[in-house]
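A.B. asks: let me see the structure of the following:
(chains A and B)
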Number of protein chains: 2
Amino acid sequence: MAKDKRQVDAITARDVDFAQWYTDVCKKAQLIDYTSTKGMFILRPYGYAIWENIQHILDGEFKKTGHENVSMPLLIPESLLQKEKDHVVGFAPECAWVTHGGSELLEERLCIRPTSETVFCDHWSNIVHSWRDLPMKYNQWCSVLRWEKTSRPFLRHREFLWQEGHTIHATAEEAIVETEDQLECYASFCENVLAMPVLRGKKTDKEKFAGAESTYTIECMMHDRKALQGGTSHYFGQGFAEAFEIFFTDKENKQVAPHETSWGMSTRIIGGVIMTHGDDNGLVLPPRIAPIQVVVIPVAMHKEGVLDAADALRVRLADAGFRSKMDGSDNSPGWKYAEYEMKGVPLRIEIGPKDMEKEQCVIARRDTGEKTVVALSDLEATVATMLDDVHNNMYAMALKNREDNTFPINSVAEAKEIASGKGGFLSSKWCGELACELAMKEEAGVTSRCMPLEQSGTEGVCPVCGKPCKTDIFWGVAY
Amino acid sequence: MAKDKRQVDAITARDVDFAQWYTDVCKKAQLIDYTSTKGMFILRPYGYAIWENIQHILDGEFKKTGHENVSMPLLIPESLLQKEKDHVVGFAPECAWVTHGGSELLEERLCIRPTSETVFCDHWSNIVHSWRDLPMKYNQWCSVLRWEKTSRPFLRHREFLWQEGHTIHATAEEAIVETEDQLECYASFCENVLAMPVLRGKKTDKEKFAGAESTYTIECMMHDRKALQGGTSHYFGQGFAEAFEIFFTDKENKQVAPHETSWGMSTRIIGGVIMTHGDDNGLVLPPRIAPIQVVVIPVAMHKEGVLDAADALRVRLADAGFRSKMDGSDNSPGWKYAEYEMKGVPLRIEIGPKDMEKEQCVIARRDTGEKTVVALSDLEATVATMLDDVHNNMYAMALKNREDNTFPINSVAEAKEIASGKGGFLSSKWCGELACELAMKEEAGVTSRCMPLEQSGTEGVCPVCGKPCKTDIFWGVAY
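C.D. replies: Have a look, this model is predicted:
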């Protein structure tokens, strides 16, 4: 008996209710499930497999540039969290606190790490002595916890999986290069792997990380024209080092505080992938992270030889290095088409008795729906090309969405009109004053997204105070 | 200026004080560091790299047999932990409790997972409906927390990294096969990857996991003749399913409770690797998980061409798929030899001007100290063979240690004499009575390690009560 087809049908249309569409996709594509622990989610096998592919690629990039993985403790004593003053102000309100171990009340309560700057610094204060020890370039794959009031799959979990890079350097120059290099690592990962165009920029002081001198960000536009921060990279200067009394002997034999950075990307980016590429049929996954890149569906599979022929294609594809699956279950081909469309599988291959006779198969693209008849002898080469085409088309469509929905604005009124209407990224100049940034939030309902790294250098005026200024900035409504 | 050679010298002799030797190795080989959070450790890059290699191999084995990775929540509501009565009795005393989120007192306190049976069951109670949904074979890589009174690197951390497999099946037969298959997966991993011989067996009722019907174990003998439990695999029957009200419709359309298993291996096994193979010069790492399999040391490296020649060897080895490193730092060759011996690198290649002239190098084995002159043209083939030889010799030495130190005993007095003397594994029959097991503990100071899966089938008598019985059992002092 075939499974109930309604399972894959019951999804809200994307343009009717984007938020509901998003939640439907997360559930129906079996990416996540809710749990009995409020605000925490399960990453189900299909959702976790996407994260594993992200991890695998990012981890390789980090290692290529000399970063080493470590494991730091989950719990941080309250006194350690308090050492850097801006940092504790930013994070303490979001901490979950352990007060009892077994039946004992603890002398000092411990927070579950919301981020690990303090434990890295504590470690470095023990092991960094000389300029010869520097730099240390560490990374950790783990989960962190922030006591959020509301939650949404991938976008806002009380517990979420991420990687946090932490590095320590002898000079400011070197640390700043690291901060920028890691931002570029994230940016090119989004573009070349996730097919997501990004704006590379710096955060304003108001929006930067608690304890950072500067925060770099990549900002992505979702299909509903809202912004998602895809990853951040922070330069800390010597602030943390001084607070944690990390000093090293430099080449001139002087005691100096080193310079630090940190940078992170989390499972939130999976939410970004869904909201950038998904459609009314469900997920649309970028081929380079899709757990299944090609699914083979036998048509009229009870006819002699069809299942074997379908499986032979799967084997050929697997041998050629593609992540592939053959679905020989007793569901109908139509049910299977809908199922793997919901799951965002980039390419579907259909093969039946007539195809076998003609030594061909049909390949359907998830992104465009286009179907192509392909000679079996060309299978691997065609799949390789088509996966690249899918990637490129997905990137182009996302870029078009951003370009079509980025608007220069000259006044708060203009900003408000767009933000309260169709939405999008608003580009303007900014005088640098916090008051003007706050006014944009209060009056137009947008926050600063970033000051792009590539500045135009032209003169203009601040849309709030009208003062002449040069800094380019983007505003938007963010997840 | 060369680093101080004393750094690598200051380690306690293994046979003088095994416990201190162990701690020295963990610190000096830079595997771990202590933290400001009592009972928690940092896995430093070299220690974490060992864990990554273990993960990579085990994860591949799990996936080959159809297991899928997931991510479950870190925190478990107290009411959920209490659903299975034996389980909560076993784990509640070791839980760390979160009582506050931000500044709010929680209505129900949450424990940091000591293990995740309860959250897997909670999830399954939502998603398992029909026999078509079964089996589900899941695994999770994460850290868990148990509020231990004392701690030792790798062997006993309040927080430790592990994998926990959790599976759910339609029948008891299928679940028992899974339990046994996963034990065999651990056993062959220990033997073929870690060069650690293991005893495969079942735990007595006293020693089994809280909530399990039966617990299977692999038991390893350390160099000091104590036992280490290397991994366990549990069959739960329907106990958890019933407690969590997981029912499915079987092929006859009846509502039935499924059968479950879980199985885990942790960073503790790294402690086992150290204590099985290490010696007075430090770590001795099994080649298949060594982060560096071959280190190339240039001799007289300031002579023309030496550094280049050494690096060329590293490149050749890397191209052939070996994890290799060339140390071109300004430390002396002697310092480097000691350093990589401390780190347990299986093979060291020395190359200097004379070797270059003769188109040869010298390869030194970490396990035996043996040096061999090798023609450069034979490099890759020789390294491949030697790495296998190192593995095989390490396994053989560990097996000899176990065989030389396993003693049949016929009475409690005999057991006590050996246990309080040289130590080792004691083999005997056992009548199956808890009273006799407790007497062995109280009077001879040993606990039951396992009833081997391969039973001899012979008759004998229980060393405590003298009753005739057939069951073979091993006793020992365990970490």
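A.B. asks: got a list of what the residue positioned nearest the centre of chain A touches?
C.D. replies: Closest to where the C-alpha atoms of chain A average out (CA atoms, centre = their mean) is A:I269, at 1.9 Å. A:I269 is in contact with A:I54, A:C190, A:L194, A:G230, A:G231, counting by CB atoms under 8 Å, 6 or more residues apart in numbering or on different chains. Backbone N, C-alpha and C define where each C-beta goes, glycine included.
A.B. asks: look up how far chain B lies from it.
C.D. replies: Distance of A:I269 to chain B, computed by CB to the nearest CB, to the nearest Å: 15 Å.
A.B. asks: before we move on, what about A:T167?
C.D. replies: Distance from A:T167 to chain B, counting by CB to the nearest CB: 13 Å.
A.B. asks: quick revisit: closest one to A:C436 out of the contacts of A:I269, please.
C.D. replies: Taking CB to CB as the measure, A:C436 lies nearest A:G230 of the contacts of A:I269, at 25.7 Å.
A.B. asks: hang on, the residue nearest to the centre of chain A in a helix?
C.D. replies: Yes: according to DSSP: H, G, I helix; E, B strand; the rest coil, A:I269 belongs to a helix.
A.B. asks: pLDDT score for it?
C.D. replies: Listed pLDDT for A:I269 reads 98.
A.B. asks: and what of A:D472?
C.D. replies: Value for A:D472, per-residue pLDDT: 98.
A.B. asks: same check on A:M440?
C.D. replies: pLDDT at A:M440 comes out at 98.
A.B. asks: wait, it touches A:V464, no?
C.D. replies: Yes: using CB atoms under 8 Å, A:M440 is in contact with A:V464, at 6.3 Å.
A.B. asks: list the residues that contact both of those two?
C.D. replies: In terms of CB under 8 Å, 6+ apart, A:M440 and A:V464 are both contacted by the residues A:V412.
A.B. asks: of the two, who's got more company?
C.D. replies: A:M440 (25 against 21; other CB atoms under 10 Å in any protein chain shown).
A.B. asks: next, that one: secondary structure please.
C.D. replies: Going by three-state DSSP, the state assigned to A:M440 is helix.
A.B. asks: below-threshold pLDDT in chain A: ranges please.
C.D. replies: Scanning chain A for pLDDT under 70 picks out A:1-9.
A.B. asks: burial measure for the residue in the stretch 351-479 of chain A positioned nearest to chain B, as a count.
C.D. replies: Nearest residue of the stretch 351-479 of chain A to chain B (CB to the nearest CB) works out as A:Y479 at 20.8 Å. Per other CB under 10 Å, the neighbour tally for A:Y479 reads 18.
A.B. asks: that one is in contact with A:L228, isn't it?
C.D. replies: Yes: contact criterion CB under 8 Å: A:Y479 and A:L228 qualify, at 4.9 Å.
A.B. asks: in space, what's closest to the one residue in the stretch 201-350 of chain A that gets nearest to chain B - neighbours in sequence excluded?
C.D. replies: Residue of the stretch 201-350 of chain A nearest chain B, by CB to the nearest CB: A:T267 (8.4 Å). In this structure, A:T267 finds its nearest non-sequential neighbour in A:L161, 4.8 Å apart by CB to CB, 6 or more residues apart in numbering or on different chains.
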